[in-house]
Every structure is written in structure tokens, then in C-alpha cells.
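next one to model:
(2 chains)
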Amino acid sequence: MLQARTKRNAPLGALLAIGLLALSAAPAWAKSVVFLSTQLRPLEEAQLLRSVILKGFTPGATVVPEVPPQLPIHMQADAKSGTHTISAVGALHGELEPLAGMGLLRPLDTLAASLKGRGIPAKLMRLGRLGTAHQMYIPWMQATYIMVANRKALPYLPPGAKLDSLSYAQFAQWAANIKAKTGRRALGFPAGPKGLMARFFEGYLYPSFTGGVVTPFRSPQAAQMWAYFAKLWKDVDPNSTNYGFMQEPLLAGSVWIAFDHVARVIDALKQHPHQFIAFPPPAGPKGRGYMPVIVGLAIAKDAPDPAGAAGLITWLTRPSVQIRTAQSVGFFPVVKAKLPADLPAGIRLEADAIAKTQAAPDALPTLLPVGLGNKDGDFNKVYMDTFQLIVLRHRKIMPVLDAEAKKLRRLMAQTKAPCWAPDVPSQGACPVN
Amino acid sequence: MRNERLMPYLLIAPSILFLAVFFAYPLVETITLAFRHHGGWSLHNFGTMAQDLNFRDSLVNTFGLVLVVVPLQLVLALAMALMLRPLRRGRDLVLWIWSIPLGISDLAAGLVWLSILTDRGYFNTILFHLGLIAHPQSWLTYETPGALFAAILITELWRATAIVFLILVAGLQLLPKEYAEAAEIFGASPWQRLTRITIPLLKPSIQSALILRTVLAFEMFATVLSLGGRNFPVLMSEAFNWQYNEQNAGVAACFAILVMLASLGATLFYLRAIRVRPEQLP
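Coordinates of the predicted model:
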């Protein structure tokens, strides 16, 4: 009997020993800073983040990718649990805003003061306050949305049109020319479930035609804009309602002209830099609207290693590391760092398009929505629903705008969000005229 | 003596506990999510759900799909099961091949058919080589809702008939052969044998297969999403959108409750319509 029991206990003992050994190995790994990031999630980009961008950072960072909808849930669960693991958070401006609203981030005023010499523009630092009195995130990198064209489409440009300074009218004529002469609808937009089409309306179309985003939502200029876009849609590839990343249809050749985030067209530009060209977005009657995207770094309120996280933020905002970031993943620096001349060809194309956009005389930067809390999804839905009803379902423009304006007014009243550029600043909630 | 009477309950207790924690509790939480708004009990979320521009389409699409797919699959599976019955050699091989779709996920099935039906997919390539089309035809866009519905229909038929088929095969195997043999001796035609003997005796299996398939059909999600994206809203894809894009768990819970009610309604319908009388069983 005793022999049988010891025979049964021997494998159990071995398992216990292995378990203890595994636990004892934990401390070495536990010293690194846990960095939860919604950006640079795709496998290649995450690898570049770990092996190239964070190379040389001591005591090392453990990058934990997280999908954007799960970020607030993950942060809340971490804060509510007994053991906190997350120290640093990297996410878009719109994703960090609800976290600050829920009290999950700690103020970074001292860190911001120490990074004053880096030359981060004051506008960006102000965005990092998220509407509060303290610095809630430090800008990490920036991106924007650009237009990409296959060189096959260039011969169809209307006469007198310059690629770097198109108007929306010339843009529509270009697409119509391609349809008339080749029979193909070669213009593509990321209007799929995972596409960023809402940003096209909020940052590009609305500001260019109406000079604002929220206030002129149902103005006569907005009605004209929707009529223009409904007409343009006749020359748009019908598969656009499936596209999430425009690099795929660009590479496949089904789309010749596309609008998308720089990170979602980079593959096409990298693989065939001589086949594609990136150019600034067109201009409307009120200017050349564009939307810069800011990615920020923050420290969790109950971070187990706030000093390590601050060190990580300092590392990632170093000019040399920012240049390394631009060269590897195509997100551009926020600090004063001159990009070297030997950038990879695809990134050079993007950098040129961005520089031309920012330097255009009629450039109209539109800020990301500020003060919407976790209602950013509802805000995007207003614009996407308007697009679906007017452009895809051919409803009458003004009744749809009136109905959606009601929803927008309710949203603004609920969140009490003040107007943001280029809307005229408001006292209290942003009005919808 | 007491132990013996308690024993069955003690044996079931772990699974009841499991179901209570991982099924009943989340169910109660979901119902709570749907009926709460800004801290109070209200029907606001249901109102939001009903007024959404995609709600009517998702209802029509889901019910339309279920009403077309399920009867077709029943007929197809029955035919397959009856064809399998007389096979001697190769029966196992045919059974295995017809069950292959069960082994792949519904997203994989959707992607397989996406690769066939997309603009530059196999279907268009074959049509092009046969000279039937001059340039790629779009079958899966919002401009061709009929073709999109047909594509989803074909994918679901391909993927999910195996479930119904296997249940019917198992049911057929249990039928005693005496009735059919007696009918043959008395001069009944094959069609009469099928409709008067086989199918009535198969009612319990048909009932289980229909209930299972209908409940799964109301939850159809990954195939529709991969083929149709935003062009073909169904109840589950709308629930997914409201949860992950709009971050509104309340409205997503409303859609989930709607699916649950539809499934319950269908189950009750089958239980009454295909009532199995004990005296009719073999």
C-alpha cells in the first residue's frame, strides 16, 4: 500500500518541482515595462516595434498588442484587479480620451516638462491634455490620410489639373474620364466594416466644402457636398463597401485611385514604388481639408512601474528613435527630427505627400474629435449613416441631413463637447445649425 | 438508502453548476444589459435598435435566409441520407466526404466561397475562359443583392447540410427494416414507402435536425460577414457592429435577445408542428 502511494506521488512531485522552477524564472521577465498598445498591431509591425524601435531600451519592454474596442475593457479589468500589470499605454488620441474620462491614466506634467527640448509642437501637446488641466498623454507619432494613384491612371487627368493641387471637381472629372475611356470604375474608398471611411467625411470632405465638421452639418454647402459625392459614387468601385485596407485592391489592380490611412497603403507603395504615387487630398471651395492622426503614450493610473514607463516614453520620443520608427513602420515623428534622405522608397513617397499637404497654401487641418468620451463610435455612425442613406440608398438629401442632425445635436448635448478646429470655437456644447 | 436517491442529483450537479455559471448567469446579465439605460430600467435600447437604418434589412435578411435555407437543406440532407442507405462498398468514404464541411469553421467556409465568387475569383476566371464574360463581374456588391443572397445561400448549403445529414443518417439506421419489407411485399411503390413509412418514422430525427439547424441558422454570422460585409446585414452581424464599432453593449444585447426569441419561437413551432405521437414510433 505504501509503495503504491509513493509510486503515485513521484510524478506529482516532479510536476511541483517544474512549477516552482517556472515561477522562480518570472522575476527576470517581470522587470521589463509592460506596454499595452493598440498601434503597430499587425505581426510585421509588432516585430519591428520589438526588435528595431525598442532595441537598446533598458530594462526592456513587453509589448502587449490589444484591439481598440478591447482597450477600455482591458484597462478597467487591470485597474480593478488586485495585481496591476500594465504600466505604459500606446493608443490613438480617440482611444486615450475615454480612458482619461474613466480616470485610468495618470497626469504626466513633470514628464512633459522634461521633454520640452524635443520640439513637440504646442498644438499636439495641447491635444495631449484631452480637455483637462493636466498633460494626459505625450504625442508619440503621427500619421494622416493620403491619396494614392496607380500611374496607369495619370494619363486620364483632366487638362490643366496638377496632381499635387487637385480640386474635388477635377478629381470627379478624372474618375469620370477613366470610366468613360476604359469602362472601369477605378476609384476606391475604404467603406467596408473595418474601413476608416468616417474620417474621410469628418476630416476631408466636410471641411473642404463647408469649412467645418459639426456646425455646418446640414448647411446648403453640406447638401451640395453630398450631391457631389453621390454623383462621384457612380464612378467608384462597388466593392468599396467591402474594403478595409486599400493596399489590397491597389496591389490587385482593381482600384487605381484610393484614399486611406498612410499605414493602410504602405504595402502597395513599398512593394511597387515605381507603379504608385501618393498625392495630397483634393481641395474644395473652403480649402484643402486634411486630418492628422496622433498616437499618444500614457501611463496607467495604478502602473506598477511608472518610472519605467516614463523611461519608455522618453526613449520613444528620442529624435533618433523617431526617425527609426518612420523608416520601419511609416508613422512619422512628432519631435523636431529631420528625416534622412535614404528613406525606403515607399515611405519617401508618403513623406513627400504629407509634406505637400501640410505646406499647401489652402491646407485646412481638422483636429480629431475632442471631448466625445466613449461616444466616438456614435459620432462616426452619424456620418456613415448619412453616407449610406444618401449615397447608397439614394434618399433625398435634406430630410436625411435633418434627421441625422437631430441625432448629432443629441450627441453633442449629451457629451457637452465643445467645437474643435476648424469649427468656430463654442461656449459649451458644439451647436449644429 | 438516502444516498441512492440523492445519487442522480449529485451526479448531475457539476454540469448544472457549469451551465448556471457559464450560461444562466451571462443570460441574465445580457437581459439586464438590454433593459438598462443610464442606470434605470427602460426600453430605450430597443427603441434605438428598431430605429436603426439597418434594422429592417437585418430582420428581413435573417428570416428570409432561414426560411429558404432550412427547407432546402432538409430536402437535400434527406436525399443524401437515402442515397447513402443502400451503399455497401465505399459507404464510409462517401459518409466521410459528405461530412468534411463539418470540420471547418464557418469563417473558413465563407472565405473559401469568397475566393470563388470574388471579382478575380475562380468563378469569374472560368466564365472568362469560357468566353461568357468580357471583364470581371461583381457578384457580391450592393448592386447585385440577388446574386449576393444566392452566394450566401450556396455557401450555407455547402457548409451546414452535413449537420442535418448526419442526424438523419443516424435516425435512418435505427429504423427497423420490417415495415418497409412488409410494404414492399404488399405492393407499395418506392415513393409510397418513402412518404408513408420512412418519413413518418423519421419524424423524431427530422424534428431534432430542424430545431438544431434553425437555431444555428438564426445565429448565422461569419459566412455572411465574409461574403457580404456591410452589404447584407443580419441580426448577428448587427449585434457585432453595435458592440465593437459603436461600443454600445445595450443595443447589442437587444439584438441577441431578438435572436434568442426567434430561436425559441422556432423550437416551439417545431415541437408542435412535428408532434411525435408515441404510438406511431416503432
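
for the chain, give me the ranges with low pLDDT.
As the question left the chain open, I've gone with chain A. For chain A, the stretches with pLDDT under 70 are A:1-30.

not quite, go with chain B.
In chain B (pLDDT under 70), the answer is B:1, B:280-282.

close to chain A: what parts of it are there?
B:53, B:119-120, B:135-136, B:138, B:140-143, B:225, B:229-231, B:241, B:243-248 (CB under 8 Å from any CB of the partner chain). In short, each C-beta sits where N, CA and C put it, glycine included.

now those residues: which count as buried?
The neighbour-count criterion (16 or more other CB atoms under 10 Å in any protein chain shown) marks B:53, B:119, B:136, B:138, B:140-142, B:225, B:229-231, B:241, B:243-248 among the residues of chain B next to chain A as buried.

can you flag which of these belong to helices?
B:225, B:241, B:243-244 (DSSP state H).

measure residue A:280 to residue A:413 for me?
From residue A:280 across to residue A:413, the span is 36 Å (CB to CB, to the nearest Å).

who has more neighbours out of the two?
The neighbour count for residue A:280 versus residue A:413, taken as other CB atoms under 10 Å in any protein chain shown, is higher for residue A:280 (24 against 14).

in contact with the more buried one, which residues?
A:146-147, A:164-165, A:288, A:290, A:353, A:356-357, A:360 (CB atoms under 8 Å, 6 or more residues apart in numbering or on different chains).

pull the most distant pair out of the residues you listed.
A:146 and A:165 (14.2 Å; CB to CB).

mind checking which of these two has more residues around it?
Neighbours per residue, other CB under 10 Å: of residue A:146 and residue A:165, the larger number sits with residue A:146, 24 against 16.

what's the spacing between the nearest residue to residue A:314 once chain neighbours are set aside and chain B?
Computed as CB to CB, 6 or more residues apart in numbering or on different chains, the closest residue to residue A:314 that is not its neighbour in sequence is residue A:115, at 6.9 Å. Per CB to the nearest CB, to the nearest Å, residue A:115 is found 32 Å from chain B.

what segments of the chain are strands?
Looking at chain A here, since you left the chain open. Counting by DSSP state E, chain A has strands at residues A:33-37, A:61-65, A:88-92, A:138-143, A:145-150, A:187-188, A:257-261, A:276-279, A:288-290, A:293-299, A:332-333, A:363-365.

try again with chain B
B:36-37, B:40-41.

and the contacts of the first one?
Applying CB under 8 Å, 6+ apart, the set of residues contacting strand B:36-37 from outside is B:42, B:44-45, B:250.

among those residues, who's most crowded?
Among the contacts of strand B:36-37, residue B:45 has the most neighbours (other CB under 10 Å), with 23 neighbours.

contacting residues around that residue?
B:34-37, B:248, B:250-251, B:253-254.

which parts of the stretch 301-433 of chain A sit against chain B?
Checking the stretch 301-433 of chain A against chain B by CB under 8 Å from any CB, the hits are A:374, A:376-378, A:380-381, A:385, A:388-389, A:392.

per-domain residue ranges of chain B.
Following automatic domain parsing, chain B resolves into domains at B:1-42, B:54-280.

residue contacts, the residue positioned nearest the centre of chain A?
Against the mean C-alpha coordinate of chain A, by CA atoms, centre = their mean, the closest residue is residue A:293 at 5.1 Å. Neighbour list for residue A:293: A:92-93, A:142-145, A:261, A:368 [criterion: CB under 8 Å, 6+ apart].

ditto for residue A:236
Taking CB under 8 Å, 6+ apart, one finds A:175, A:185, A:187-189 in contact with residue A:236.

do residue A:408 as well
Here residue A:408 is in contact with A:214, A:217, A:379, A:382, A:432 (criterion: CB under 8 Å, 6+ apart).

go ahead and confirm the fourth one touches residue A:403.
No - under the criterion of CB atoms under 8 Å, residue A:382 makes no contact with residue A:403, lying 10.0 Å away.

between those two, which one's more packed in?
Using other CB under 10 Å as the criterion, residue A:382 and residue A:403 rank with residue A:382 on top: 22 against 17.

who are the contact partners of that one?
Shown in contact with residue A:382 (CB under 8 Å, 6+ apart): A:404, A:407-408, A:411.

can you pull the buried residues of stretch A:131-138?
A:131, A:135-138.

so how far is it off the chain centroid?
Relative to its parent chain, stretch A:131-138 has a centroid offset of 19 Å by CA atoms, centre = their mean, to the nearest Å.

now the buried members of the residues of the stretch 301-433 of chain A next to chain B.
Applying 16+ other CB under 10 Å to these, the neighbour count classes A:374, A:376-378, A:380-381, A:385, A:388-389, A:392 as buried.
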